[in-house]
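Engineer: Below is the structure, and that's it, no one-letter string:
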């Protein structure tokens, strides 16, 4: 079986209130965008995540925990494993480090690696959550020619999207359903 390489890789960061936003985004996305979606959620290090199972009810795309050393496939949704740091390395392969060695900045870590690996094919989406994780990652995505989104006032907790927007490097500020519509225009 040949690998279906994605035309874009979409890094999606969120924390508190993120579950509702992830669902709304996936509900609005068609299953064959040609993109790969990577959800980097803040999870307690000791938590067992059922996020993949929950989100699989909101899309017909395959939803799985990001596997170490595996190439990223188009039309799939990947979830950061619990208590892990997740990056992308050359040849668009996941690198999972567990237990995680950084604090709550997994979104920045992932988005920075995404920017450096795929450049203008990188897309960042910052959804509901506390603090400013994802802000530095958005800056890197823009610096490498990618596209950035932040959730609008529909975010249950607006710290993460507001922090990213305050940098001036966010291209679009909108609710998750509208983000999905804009992504489809990028195909």
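Structural biologist: Cool, got the structure. This is a predicted model, so every value here is computed, not measured.

Engineer: same for the worst-scoring helix or strand of the chain on mean pLDDT, what does it pack against?
Structural biologist: Of all the helices and strands that make up the chain, helix 51-55 has the lowest average by mean pLDDT, DSSP states H and E, namely a mean of 91. Counting by 3 or more C-beta pairs under 8 Å, 6 or more residues apart in numbering; DSSP states H and E, the packing neighbours recorded for helix 51-55 are helix 18-28, strand 35-41, strand 62-65, strand 76-79. Backbone N, C-alpha and C define where each C-beta goes, glycine included.

Engineer: Mind doing that once more with 6 Å?
Structural biologist: strand 62-65 (3 or more C-beta pairs under 6 Å, 6 or more residues apart in numbering; DSSP states H and E).

Engineer: Centre of the chain to the strand it packs on, how far?
Structural biologist: 13 Å (C-alpha atoms, centre = their mean, to the nearest Å).

Engineer: buried ones in it?
Structural biologist: Buried residues in strand 62-65, counting neighbours by 16 or more other C-beta atoms under 10 Å, are found at 63, 65.

Engineer: Could you measure from residue 89 over to residue 160?
Structural biologist: As judged by C-beta to C-beta, to the nearest Å, residue 89 and residue 160 stand 25 Å apart.

Engineer: Going by how many neighbours each has, rank these two and give me the top one.
Structural biologist: Ranked by neighbour count (other C-beta atoms under 10 Å), residue 89 and residue 160 place residue 160 first, with 29 against 12.

Engineer: can you pull the contacts of that one?
Structural biologist: With contact set as C-beta atoms under 6 Å, 6 or more residues apart in numbering, residue 160 has these partners: 126, 129, 134.

Engineer: what residue ranges in the chain score low on pLDDT?
Structural biologist: Across the chain, the ranges flagged by pLDDT under 70 are 1-3, 45-49, 187.

Engineer: how about the helices of it, start to end?
Structural biologist: Secondary structure of the chain (DSSP state H): helices located at 18-28, 51-55, 106-118, 135-143, 159-165, 176-185.

Engineer: Just put the ones you listed in CSV and tack on distance to residue 81.
Structural biologist: Below are these laid out as CSV (distance: least, C-beta to C-beta, whole Å):
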stretch, distance to residue 81
helix 18-28, 16
helix 51-55, 9
helix 106-118, 11
helix 135-143, 19
helix 159-165, 21
helix 176-185, 23
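
Engineer: right, and those - which one's nearest residue 94?
Structural biologist: With C-beta to C-beta, the closest approach to residue 94 among those belongs to helix 106-118: 9.7 Å.

Engineer: ok, residues contacting that closest one?
Structural biologist: The contact list for helix 106-118 (C-beta under 6 Å, 6+ apart) reads 9, 11, 13, 40, 85-88, 122, 124, 133-134, 136-137, 140-141, 144.
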